[in-house]
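# sequence plus predicted model, see below.
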Amino acid sequence: MASLRALLPQTPAQRNLIKSSQSSQKQSENPLSDAKAKPKSTTPLRRSASASLPIRSNPTPTRGVIQPVFTLATAERYILSRLRSHPYLPARSQALHESWWIPKWGEPGKEGEVFVFSNGTIICWGLGEADAKRFTKEVIERAPGIEVAPLKEPETEELEFVVDPIEQTRLQGDLIILGQTAPLNEPDLLLKNLPPMAFPPETLLARYAFSQALSRSTALSALEVSLDHYLTSMALLPHTLAQTGKPGMGRTQLIKKLGELMKFRQLLNLNRENFSEVPDFYWSEPELEGYFTSLGDALEVKARTASFNDKITYAAEAQSMLRQLLTESSTHSMELIIIALIAVEVVIALIRDGPELWHMLAGTEDEEKTTHA
């Protein structure tokens, strides 16, 4: 992204933003500082950042201030029903299709909008990273049992949006433009008696569609990070096998690793949020589906999902081979044990019945000598 920005014309505001981000990065890299380094942005959408420059560099009287859309993933799943009676949420917070919607949240005069999705993500419109983390601390962490399998490290993603009532609502480059939208085919999809909200009610479902696409990407990023850690833990297995001829891992440990792989595939493909299908909500609303798919395509969700599945398949095949080796080793050990048991049984029989057999053989020889004599 930095190399792309260097080649493109920059407005004074953009130059100031870059300088401030560089200075904050240097400050975070100071070993004497307590501040944590901000996560690097790896969003594929950044590659198309140049498409948003005409909007960024040519403000109009109708266009609002460019604001952030910050996404934070803290768990593999949320139980949204735990937010129904949360004491720290505004009274008009409510379910909106597959999310929990908070129309206004934040300090007076600086309110934003929050969508909470069941895949463990929080989408904050008009709120930055500090506000998103404060929402997590004051709301999510105070709702008992809402988080299922919390992540070791939260996953973040950040875009920007601008409100312009004379423009068409769309994604342009790395900038979401909230403007005019077509009438709904099914008006019942929009809530009746909408509460006061931080942004225009006309684009509520457009914001929901963009939020759902962004939540999928961030939840997928969290899975990608977990899978990378898993693959790192298994990276020495081929080397150990090549050097020693042994897998270097016991059967129980290998079965546990296979169970982790199955969990990854289940989270990716078998849950309700399966990252590949378009939700039923958009079937009757092609324009909303366009918002959802445009951001999903820009974030390369389908390609990343396919790559994720390929990594799981490779790891599963490698571990299946190791499991076969362990099975063969176990079979060989069982054969040796059986041979040893047979040998022990023969020895015991000789000790127990040996004298009697000896006397029988000796008696037979005496009888033969007597007969010959």
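Yes, it's here. Numbering: from 1, shown residues only.

# can you give me the helices for the chain?
2-7, 12-29, 53-57, 129-135, 204-233, 237-244, 251-265, 286-298, 301-372 (DSSP state H).

# tell me which of the ones you listed lies nearest to E113.
Minimum separation from E113 across the helices of the chain (Cβ to Cβ) falls at helix 204-233, 7.0 Å. (C-beta placed from N, C-alpha, C; glycine too.)

# give the buried residues for that closest one.
Buried positions in helix 204-233, judged by neighbour count with 16 or more other Cβ atoms under 10 Å: 204-224, 226-227, 230.

# now do that helix: distance to the chain's middle.
Offset of helix 204-233 from its chain centre (Cα atoms, centre = their mean, to the nearest Å): 5 Å.

# tell me how far R92 lies from P103.
6 Å (Cβ to Cβ, to the nearest Å).

# now do R77
Remark: distance between R77 and P103 (Cβ to Cβ) = 24 Å.

# repeat for I176
Distance from I176 to P103, by Cβ to Cβ: 18 Å.

# next up, the contacts around the closest residue in space to F308 that isn't next to it in sequence.
Residue nearest to F308 in three dimensions, not counting chain neighbours: L268, with 5.9 Å by Cβ to Cβ, 6 or more residues apart in numbering. Shown in contact with L268 (Cβ atoms under 8 Å, 6 or more residues apart in numbering): 220, 223, 274-275, 305, 308-309, 312.

# got it, and I177?
Contacts of I177 (Cβ under 8 Å, 6+ apart): 55, 161-162, 164, 167-171.

# is it in a bridge, and if so with what?
V162, R170 (DSSP bridges).

# that one and T218: what is the separation?
The value you get for I177 to T218, if Cβ to Cβ is used, is 21 Å.

# then L258?
27 Å.

# pLDDT score for the closest residue to W100 other than its chain neighbours?
Spatial nearest neighbour of W100, excluding adjacent residues (Cβ to Cβ, 6+ apart): V116 at 4.3 Å. V116 carries a pLDDT value of 97.

# which residues does V116 contact?
78, 80, 83, 99-102, 122-123, 140.

# on that earlier part again, give me the more crowded residue out of I176 and P103.
I176 (27 against 21; other Cβ atoms under 10 Å).

# could you count how many residues lie near the residue lying closest to that one once chain neighbours are set aside?
Leaving out its chain neighbours, the residue that sits closest to I176 by Cβ to Cβ, 6+ apart is F161, at 3.9 Å. F161: 20 surrounding residues under other Cβ under 10 Å.

# ok, the nearest residue to L236 once chain neighbours are set aside - contacts?
Nearest non-adjacent residue to L236, counting by Cβ to Cβ, 6+ apart: G248, 7.6 Å away. G248 sits next to 236-237, 240-241 when contact means Cβ under 8 Å, 6+ apart.

# got it, and F199?
F199 touches 113, 125-126, 163, 178, 207, counting by Cβ under 8 Å, 6+ apart.

# at 7 Å what do you get?
113, 125, 163, 178, 207 (Cβ atoms under 7 Å, 6 or more residues apart in numbering).

# dump the residues you listed into TSV; add distance to V69 and pLDDT as well.
Shown next, in TSV, are these (distance: Cβ to Cβ, whole Å; pLDDT from 0 to 100):
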residue	distance to V69	pLDDT
E113	10	97
W125	6	98
V163	12	96
L178	10	97
R207	9	98
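
# in ChimeraX, how would I select the buried members of these?
Of the contacts of F199, the buried ones can be selected in ChimeraX as follows, counting by 16+ other Cβ under 10 Å:
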select :113,125,163,178,207
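
# leaving out sequence neighbours, find the closest residue to T181.
Nearest one to T181, counting by Cβ to Cβ, 6+ apart, is T169 at 5.0 Å.

# count the residues that sit near the nearest residue to K133 once chain neighbours are set aside.
Once flanking residues are discounted, K133 sits nearest to L72: 7.0 Å by Cβ to Cβ, 6+ apart. Residues lying near L72 (other Cβ under 10 Å) number 21.

# equivalent analysis for V69, please.
V69, neighbours per other Cβ under 10 Å, totals 22.

# list the contacts for the residue nearest to T181?
Residues near T169 by Cβ under 7 Å, 6+ apart: 177-181, 203, 206, 291.

# can you name the two of those that are farthest apart?
So, the contacts of T169 by Cβ to Cβ: farthest apart are Q180 and Y291, at 12.8 Å.

# more crowded one of these two?
Y291 (26 against 15).

# so that one makes contact with S211?
No. In this structure, Y291 is not within contact of S211 by Cβ atoms under 7 Å, at 9.9 Å.

# my guess is L254 contacts Q324. True?
No. Taking contacts as Cβ under 7 Å, L254 lies outside contact range of Q324: 10.8 Å.

# of these two, which one has the most company?
It is L254, of L254 and Q324, that has more neighbours when counted by other Cβ under 10 Å, with 19 against 10.

# how far away is the more buried one from M234?
Distance from L254 to M234, by Cβ to Cβ: 10 Å.

# count the neighbours of the residue nearest to N185 when sequence neighbours are not counted for me.
Residue nearest to N185 in three dimensions, not counting chain neighbours: S284, with 5.2 Å by Cβ to Cβ, 6+ apart. When neighbours are counted by other Cβ under 10 Å, S284 registers 12.
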